[in-house]
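**Student:** How does the following fold in three dimensions:
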Amino acid sequence: MASILKVDTLTGVTTAGSISVTGEGNSTTTNLQQGLAKSWISSLSNGTSISDSLNVSSTADTAAGRQKVAISSAFASQATMCCTASGRNIDNDNGSGNVNRTCDVVRGASASEVFLNSYVLNDGSLADVGLSQYHATGDLA
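**Tutor:** Numbers count the residues shown, from 1 in each chain. Here you go, the predicted model:
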């Protein structure tokens, strides 16, 4: 028989914000908090129009194919955050080829921002995309 558990807050016994989850085969555990996305965004056009997001305060179009994402609650360290991104053009890229979206965490930037670069696959040039998504994991400050 299936059961439903409804709660508003989960708290760890040893550390309030840390909950271990037993993995497949009951031989390993994973820290639930560390495995959650801490920041994500779905944006349209050149990145200045946010469709939906988590822990993102704003975006800025800094150049063709380059978008700055401001993170509301900073990561503990830029060196240990991990991000991925993807994108595509919803209007078939006006014939200039497919665009691949990559997430570029620029050295020297703060732990409260990431820069997303969009590259055209066939020539490597920077170009804006119609739809982009990004997410980052890591420890928050």
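**Student:** Please list the residues outside stretch 28-39 that contact it.
**Tutor:** Outside of stretch 28-39, the residues that reach it under the criterion CB atoms under 8 Å, 6 or more residues apart in numbering are 17-23, 53-56, 69, 71-73, 75, 81, 83, 114, 135-140. All C-beta spots, glycine's among them, are computed from the backbone N, C-alpha and C.
**Student:** Tell me the buried residues in it?
**Tutor:** If you call a residue buried by 16 or more other CB atoms under 10 Å, then stretch 28-39 has these buried ones: 33, 38-39.
**Student:** Nearest to Ser3 among those residues?
**Tutor:** Ser3 has its nearest neighbour among those in Gln33, at 24.2 Å by CB to CB.
**Student:** those helices in the chain, which residues are they?
**Tutor:** Counting by DSSP state H, no segments of the chain form helices.
**Student:** I'd like to know which helix or strand in this structure has the lowest mean pLDDT.
**Tutor:** Least confident element among the helices and strands of the chain, by mean pLDDT, DSSP states H and E: strand 99-104 (a mean of 65).
**Student:** now the contacts of stretch 28-39: which count as buried?
**Tutor:** In these, burial by neighbour count holds for 19, 53, 55-56, 69, 71, 75, 81, 83, 114, 135-138, 140, counting by 16+ other CB under 10 Å.
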